[in-house]
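S.K.: Sharing a model prediction with you, sequence too.
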Protein chains: 2
Amino acid sequence: VTHSKADWVIGVDVGGTNLCVGLVPAPEGASERSTRFLRVRPTRPERGADAVVADLIEMAREVSAELAAGGQTPLGVGIGCPGPIDREAGLVLESPNLHWTDFPLRDRIAAELDLPTTLDNDANCATYGEWWRGAARGAASVVGVTLGTGVGGGVVIGGAVVRGASGAAGELGHTVVEIDGRACPCGSDGCLEAYVAGPAIAQRARERLEVGARSVLSASREFCAADVFRASATGDEVGREVVRGTARALGAALASVVNLLSPKVVVIVGGVAASADQLLVPVRREVERRTFRCAADACSILRGELGRAAGVVGAAGVFLDDLRNGRGRLGRSQPRGGRR
Amino acid sequence: VTHSKADWVIGVDVGGTNLCVGLVPAPEGASERSTRFLRVRPTRPERGADAVVADLIEMAREVSAELAAGGQTPLGVGIGCPGPIDREAGLVLESPNLHWTDFPLRDRIAAELDLPTTLDNDANCATYGEWWRGAARGAASVVGVTLGTGVGGGVVIGGAVVRGASGAAGELGHTVVEIDGRACPCGSDGCLEAYVAGPAIAQRARERLEVGARSVLSASREFCAADVFRASATGDEVGREVVRGTARALGAALASVVNLLSPKVVVIVGGVAASADQLLVPVRREVERRTFRCAADACSILRGELGRAAGVVGAAGVFLDDLRNGRGRLGRSQPRGGRR
């Protein structure tokens, strides 16, 4: 086996909708800031965890093969996955969107690929990615919010992911915005996620249609959050109202976070963030209205720069950070010689 | 002037209702954990800033005199004051409850006492105090909430106060709990403070009486939050309802914070916290209902141990921390020889 200088890390982002796997350059100041050979497949979690893991391994082998063609071996694998994570044990503890409980994702991947592997929450990874190589590059304090099938978040202070006592810090999607509000899959109600996750945005539009509001959207057809944003952009009243409500809920939750942490940068990433252009101005206005002026003045609210690669880049970044700090087990489950 | 070994710091806590000044032992592991010679006077902010400052200086001189009687001089003065603070400049930027704007509190005190002086937010100080010598002693991550005339908060991670980009982090009182909720003095609405500050608790009870609810409380007489808690303890329905609502709002806000930061300890301090015995159980229940289990399991919600001295102890602790780290100007505005 040739061990050439390993300059690349495999980043894996397990989303409720899509799986992304790519190669991320390890060196600081890499000219290539994002990913290479990015693979994307639908998650389809209803297939069960085994099928999802099989896809992830196949995708990782594909990108590894691209490296091998150049005579290189990846340094290791960083994985980001929704839900609270036990990083030490490499478990996904609870993931309402994937329907996984105490799932040993890290060791399943590590065993198949025979590479050092780390696991972290997907939104922590996306936030770390934007801090490491994206819109929040180098900022002293960053809060990230990921808008997608679910709503996640991450906090990076002084270049370190804030994990808290349980390791599960960063769950910004379960910030309460309305004490008696909409039921959330997590069991609470009035959570941010119950308003601004992709499915929640579509559902709120559907409820307007059901009470007879006129719209280019039709209650008899399937539509998603992106359709609602498109409708809003064309001046559709239901679309505009739902986007306005989305910005208000997101702005209220971010205001709570800005008052609490006074971050230098708030960065919005994830699938729904593709429509962030419509959200940024009203979200900023809502945050300004609800925060002390000095905290609002010190905070930039930005859209992520890395797009759908944020989670992949960040997962690789967290892997490298763990490697540097000799933190936790790196999840290699077999001796180095056991390469298949 | 005799300069004996200075083992004491003057702690100053400027509250919306009371001013507290005391001596705090500097050595780590001091057997005396709290304060000596604690002085308390009503703030009466309507008198204006000059009258408040004159009181603070008089109180500080009184406790200094006690030290001088034993041949000692204080190391310096730590001040905690509500509202966002510019620590570098020693200014109180905005304090809705005191009606101060850009007020140079640190240098006013430093000039009169001719001692190194630092200024921080009062709730940061109270949280730091409970981390340093109180209920959250040594915990890796602590969130403090101060319930009094206003509602403040502080975040201590790894023994350091989280100040954020503006220095104004920790404003937990302005966590949104209800997006279209009660108006808050800060200009936002639905803030935690608009429900659980002392005056808000009394006001919510008054509103129940005004719509005809029967109670031991009477709409025609003045009463305060403590009266509401007392009424609740005797089984009064209005009292119980308002206390229940207080616990729900506080629980919802703390749930947002526990989901975001997963602290090891949440510590409740301040005047209203004297009634925390009635709040702790329902607050814990509300937090558990609204947070991921691993974060709830890892977090203890405790009442502060230092009582009304938390702010004084913490202000002194922050002073010592700044001194140790040579951080910022310590606010001595006159040469050492200029002692009056």
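M.R.: Great, that's in hand.

S.K.: Tell me the secondary structure at the residue nearest to residue A:12 when sequence neighbours are not counted.
M.R.: Closest residue in space to residue A:12, ignoring its immediate chain neighbours: residue A:79 at 4.3 Å, by CB to CB, 6 or more residues apart in numbering or on different chains. (Each C-beta comes from the backbone N, C-alpha and C, glycine too.) Following DSSP: H, G, I helix; E, B strand; the rest coil, the label given to residue A:79 is strand.

S.K.: correct me, but residue A:151 touches residue A:197?
M.R.: Yes. Contact status for residue A:151 versus residue A:197: in contact at 5.1 Å, counting by CB atoms under 8 Å.

S.K.: which residues do the two both contact?
M.R.: Listed contacts common to residue A:151 and residue A:197 are residue A:173; contacts here mean CB atoms under 8 Å, 6 or more residues apart in numbering or on different chains.

S.K.: Now for residue A:220, how many residues are close by?
M.R.: By other CB atoms under 10 Å in any protein chain shown, 5 other residues sit near residue A:220.

S.K.: Show me what residue of the stretch 51-200 of chain A gets nearest to chain B.
M.R.: Among all residues of the stretch 51-200 of chain A, residue A:164 sits closest to chain B, at 2.6 Å; criterion: CB to the nearest CB.

S.K.: so who does that residue touch?
M.R.: Counting by CB under 8 Å, 6+ apart, residue A:164 has contacts B:141, B:261-264, B:295, B:298.

S.K.: If we check chain A, which of those are in contact?
M.R.: B:141, B:261-264, B:295, B:298 (CB under 8 Å from any CB of the partner chain).

S.K.: Report the contact partners of the residue nearest to the spatial centre of chain A.
M.R.: Central residue of chain A (CA atoms, centre = their mean): residue A:123, 3.5 Å from the mean position. When contacts are counted by CB under 8 Å, 6+ apart, residue A:123 touches A:80, A:82, A:144-146, A:152-154, A:170, A:172-173.

S.K.: Kindly report the same for residue A:321.
M.R.: A:128, A:160, A:327.

S.K.: Name the nearest residue to residue A:150, sequence neighbours excluded.
M.R.: residue A:97 (5.0 Å).

S.K.: pretty sure that neighbour contacts residue A:151?
M.R.: No. Here residue A:97 does not reach residue A:151: they are 10.4 Å apart, not a contact under CB under 8 Å.

S.K.: So between the two, which is more surrounded?
M.R.: Comparing residue A:97 with residue A:151 by other CB under 10 Å, the one with more neighbours is residue A:151, at 29 against 20.

S.K.: where does the stretch 201-340 of chain A have low pLDDT?
M.R.: Within the stretch 201-340 of chain A, the ranges that satisfy pLDDT under 70 run A:273, A:328-340.

S.K.: OK, now which residue of it is nearest to chain B?
M.R.: residue A:262 (2.6 Å).

S.K.: ok, and the closest non-adjacent residue to that residue?
M.R.: That would be residue B:164: by CB to CB, 6+ apart, it lies 2.6 Å from residue A:262.

S.K.: And the one you found, what's its pLDDT?
M.R.: Per-residue confidence (pLDDT) for residue B:164: 96.

S.K.: Double-check that it belongs to a strand.
M.R.: No. Under three-state DSSP, residue B:164 falls outside any strand and is assigned coil.

S.K.: Could you identify the buried members of the contacts of residue A:123?
M.R.: Buried subset of the contacts of residue A:123 (neighbour count, 16 or more other CB atoms under 10 Å in any protein chain shown): A:80, A:82, A:144-146, A:152-154, A:170, A:172-173.

S.K.: Going by distance to residue A:119, which of those residues wins?
M.R.: residue A:80 (7.9 Å; CB to CB).

S.K.: Break down the stretch 201-340 of chain A into its strands, ranges please.
M.R.: Counting by DSSP state E, counting those that start in this stretch, the stretch 201-340 of chain A has strands at residues A:265-269, A:300-303.

S.K.: which helices and strands does the shortest one pack with?
M.R.: Okay, so that is strand A:300-303. Secondary-structure packing of strand A:300-303 (3 or more CB pairs under 8 Å, 6 or more residues apart in numbering or on different chains; DSSP states H and E): strand A:265-269, helix A:276-290.

S.K.: Let me know which of the ones you listed is tucked in deepest.
M.R.: strand A:265-269 (a mean of 28; mean count of other CB atoms under 10 Å in any protein chain shown).

S.K.: Now do the buried residues in the helix ranked longest in chain A.
M.R.: Longest helix in chain A, counting residues (DSSP state H): helix A:237-261. Neighbour-count burial for helix A:237-261 flags A:238-243, A:245-261 (criterion: 16+ other CB under 10 Å).

S.K.: Leaving out chain neighbours, which residue sits closest to residue A:192?
M.R.: Using CB to CB, 6+ apart, the nearest residue to residue A:192 is residue A:253, at 4.3 Å.

S.K.: Verify the contact between that neighbour and residue A:172 for me.
M.R.: Yes. Using CB under 8 Å, residue A:253 makes contact with residue A:172 at a distance of 6.7 Å.

S.K.: that older thread, quick one: the residue nearest to residue A:150 from residue A:90, how far?
M.R.: 19 Å (CB to CB, to the nearest Å).

S.K.: Brilliant, that's me finished.
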